[in-house]
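1. One predicted model, sequence on top.
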Amino acid sequence: MKHVASLVIAAVCASAQSAFTPPRLPDGHPDFGGIWMAATLSAAFNVEEHAASYGTPAGPSVIIDPPGGKLPYLPGMRERALDNDQHRERDPVGQCHMHGVPRVMFPPFPLEIFEDGENVVILTETEHGVRIIPTDGRPLLKNYSSWNGDSRGRWEGDTLVVEVRGLNGKGWLDQAGNFVGAGATVVERFRLTAKDTLEYEATVSNPAVFSRSFTVRVPLRRRPADVELLEYGCIEGERDAAHLPSTNAPANGERK
Amino acid sequence: MIRPALVLLLVTAAAWAQAPSARDLRGIWQAKGNAYRNLEAEKGVIVDPANGKIPYRAEARSTADRNFQARATTDPLLVCFQPGVPRATLLPEPFQIFQQQDRVVIVYQHVHSYRVIFTDGRPHYDDGIEFYMGDSRGHWEGNTLVVDATNFKPENWLDAAGHFHSNKLHVIERYTRDAPNTMRYEATLEDPEVFQRPWTIRAELARHTEPNFQLIEHECDRDAQGGYRHPPQFLK
Amino acid sequence: MLKRAVYVAQACVLGWLVTERIWRWMVRVGVLVLLVGCVIPVAAHHSFAAEFDDKRPVKLDGTVVKFDFMNPHSWVYLDVKNPDGTMVRWSVETGSTNALFRRGWRKESLRAGDHITIDAFRAKDGSNTANASTVKLPDGRQVSAASSHDDSK
């Protein structure tokens, strides 16, 4: 009898510790609301493992699949990424463009997430960017081409799964020139794993650029309660362009 | 035991999904009319003063006239500046209103500009920082959302005709949903450096009711020659 | 060496997070506080390496002509006297307004006529343009310019 009791107590304790119960909205879904920022700032510089260089801290790979943490580029594609790396003036973010998915989720600037039962909205400080993700089951747009994509969300238990289409492929994946290319599709997964940790994963597929899909994971940490997004008017204040080498270069996926 | 719990769940869900109260401004809206072209020239936009003219200080009127002459090349919107307040509300482009417990968020389709309007009583920023879309704080008066906007950058225009303001601009907006699919919008502008006295504009906003209507991306593109353009989002 | 860098980085992050709360209070009472030293790798919206050369440091000692408090970078326009007595106008970029604001900078933080010294890195194109690392203020304090660089190297 004593053994059964301790077994029951152990089981109850184990289950209480293993599952984090998120705060919930009236509709029962987890509440991701708040100001968040990537816990791993180095991913913004390079999603693969990289050493430090001036202006760039060292960092591990944020690619959890494939094992080995390297982008599964098709032959010839890594050369394009390396060429981008030698021409960072071509980074579209330098021209104040929205970052694209998944890059938009892990810059070293805060972002704000809130839900209202019909939409999940992500406001990013960078480029005063916006992602409005309907969760009402409406269809995706057809023939759409955009920097931040067209997104639709659905719930799988306490995980928000977002399908992203309509990416124009001009965005880079990080500052090192990695890219996803035109025609890429992304599936994101958002899950609260602790009060102040929003686990973010993005699986990217593009058979024209990669030999298989890959997944990045960048946990987001909640910022202190009184942090607010500040306006980031990039185009209004851009004065670097005149000092960059000529930026008249074709976008990824357009080079023959 | 289960049945009352189920009833409670259904009632909660119904409450969540019920028809909007008058204080529910959520949805996608767009201004009617052409106020965005010229606040003075479009009839009925300026409701105070009664003569429909912006009460500029003398030297400011000259600046407005100069802006008008050069508007084809110097309108900040042409070089992808965020539209500012109240110009963003009046553009011929939709915007979406979201409401949370402590803030109202307005996302404008035009260059994906947005405003976070805190409604929890927190104060404005000090005057050491300026924003193109201003710094907004809101509260309810009856069924009207009253928004107080300050901390504006000085370089923006109020419409396509070159009407302008300084960084002393202070705007008080009033949003009142007077019918299921229409909203009355008023904005009182004061700026002691540019205007002799406050003045007020009025516009009507209509809800977008088309099925599955959504904002689409409106990004500003910069070509190799440094020119700006707004490319279409839909491929052939 | 790496361990030390990690400790420094952790201390910096902690220090930044703690003082951010103090800053927000100070913003409300309008007190200007400039944080000394600690730099988090606050990346620019674009890569430092695209425009600036970390092999070409420059120390600019001069008088502020104008301070543009803006995104994506604030700009300090500085008149610097050459050894031969001629004056040169330098354009020096700092971090974004948002990064500076969160470190206590305001649009009045630098005024025309202020005598300051900026440690910076020159632009690759040879123009009198530079990316600021730290700024020594008129009262002698050395502050971070919240630029796109990392001092944990």
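-> Arrived safely, thanks for sending.
2. All the helices of chain B, residue numbers only.
-> B:2-17, B:58-69, B:71-74, B:87-90 (DSSP state H).
3. Other residues contacting the second one?
-> For helix B:58-69, contacts defined as CB atoms under 8 Å, 6 or more residues apart in numbering or on different chains pick out B:54, B:56, B:74, B:157, B:161-164, B:193-195. The way it works is simple: take the backbone N, C-alpha and C, and place the C-beta from them, glycine included.
4. between the residues you listed, which is closest to chain C?
-> B:Glu193 (16.3 Å; CB to the nearest CB).
5. residues contacting the closest one?
-> Applying CB under 8 Å, 6+ apart to B:Glu193 gives the contacts B:57, B:60, B:166, B:168.
6. Run a quick check on the first one versus B:Gln196, I expect a contact.
-> Yes. Contact status for B:Arg57 versus B:Gln196: in contact at 5.7 Å, counting by CB atoms under 8 Å.
7. closest to C:Ala120 among the contacts of B:Glu193?
-> C:Ala120 lies nearest to B:Ser166 out of those, by CB to CB, at 32.4 Å.
8. so what pLDDT did the residue nearest the centre of chain B get?
-> Residue closest to the average C-alpha location in chain B (CA atoms, centre = their mean): B:Thr89, at 3.2 Å. As summarised for this prediction, B:Thr89 has a pLDDT of 98.
9. Kindly report the same for C:His45.
-> C:His45 is given a pLDDT of 65.
10. Pick the most deeply packed of the helices of chain B.
-> Mean neighbour count, computed with mean count of other CB atoms under 10 Å in any protein chain shown, is highest for helix B:87-90 among those, reaching a mean of 25.
11. How far does it sit from its chain's centre?
-> Counting by CA atoms, centre = their mean, to the nearest Å, helix B:87-90 is centred 4 Å from the centre of its parent chain.
12. which other helices and strands contact that helix?
-> strand B:199-207 (3 or more CB pairs under 8 Å, 6 or more residues apart in numbering or on different chains; DSSP states H and E).
13. what lines up beside the strand it packs on in the sheet?
-> Strand partners for strand B:199-207, identified by DSSP bridges, are recorded as strand B:27-31 (antiparallel), strand B:46-48 (antiparallel), strand B:182-190 (antiparallel).
14. Just the helices from chain C, written as ranges.
-> Going by DSSP H, chain C shows helices at C:2-28, C:48-51, C:97-102.
15. Select from those the stretch with the lowest mean pLDDT.
-> Among the helices of chain C, helix C:2-28 scores lowest, with a mean of 51.
16. ok now do B:Tyr114, which residues does it touch?
-> By CB under 8 Å, 6+ apart, the contact list for B:Tyr114 reads A:123, A:128, A:130, B:105-108, B:133.
17. Which positions in the stretch 1-150 of chain A make contact with chain C?
-> Neighbours of chain C within the stretch 1-150 of chain A, by CB under 8 Å from any CB of the partner chain: A:41, A:44-45, A:52-57, A:87-89, A:91, A:93-94, A:96, A:107-109, A:125-127.
18. follow-up on the earlier one: check the contacts of B:Glu193 against chain A and report the nearest one.
-> B:Ser166 (16.4 Å).
19. count of neighbours near that closest one?
-> If you count neighbours by other CB atoms under 10 Å in any protein chain shown, B:Ser166 ends up with 16.
20. So it sits against B:Leu189, correct?
-> No. Taking CB under 8 Å as the definition, B:Ser166 is not a contact partner of B:Leu189, at 11.3 Å.
21. wait, what's in contact with the closest residue in space to A:Pro23 that isn't next to it in sequence?
-> Excluding the flanking residues, the one nearest A:Pro23 by CB to CB, 6 or more residues apart in numbering or on different chains is A:Asp31, at 4.6 Å. The contact partners of A:Asp31, taken as CB under 8 Å, 6+ apart, are A:22-25, A:115.
22. again, but for B:Val104
-> B:25, B:97-98, B:117, B:119, B:138, B:145, B:147.
23. I'd like those residues laid out as JSON lines, including neighbour count and distance to chain C.
-> Formatted as JSON lines, the contacts of B:Val104 follow (neighbours: other CB atoms under 10 Å in any protein chain shown; distance: CB to the nearest CB, whole Å):
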{"residue": "B:Leu25", "neighbour count": "20", "distance to chain C": "28"}
{"residue": "B:Ile97", "neighbour count": "21", "distance to chain C": "25"}
{"residue": "B:Phe98", "neighbour count": "22", "distance to chain C": "22"}
{"residue": "B:Ile117", "neighbour count": "22", "distance to chain C": "19"}
{"residue": "B:Thr119", "neighbour count": "19", "distance to chain C": "18"}
{"residue": "B:Gly138", "neighbour count": "19", "distance to chain C": "19"}
{"residue": "B:Leu145", "neighbour count": "22", "distance to chain C": "25"}
{"residue": "B:Val147", "neighbour count": "23", "distance to chain C": "21"}
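24. For chain A, see how far away C:His46 is.
-> 3 Å (CB to the nearest CB, to the nearest Å).
25. which non-adjacent residue is nearest A:Asp83?
-> Counting by CB to CB, 6+ apart, the residue nearest A:Asp83 is A:Gly177, at 7.2 Å.
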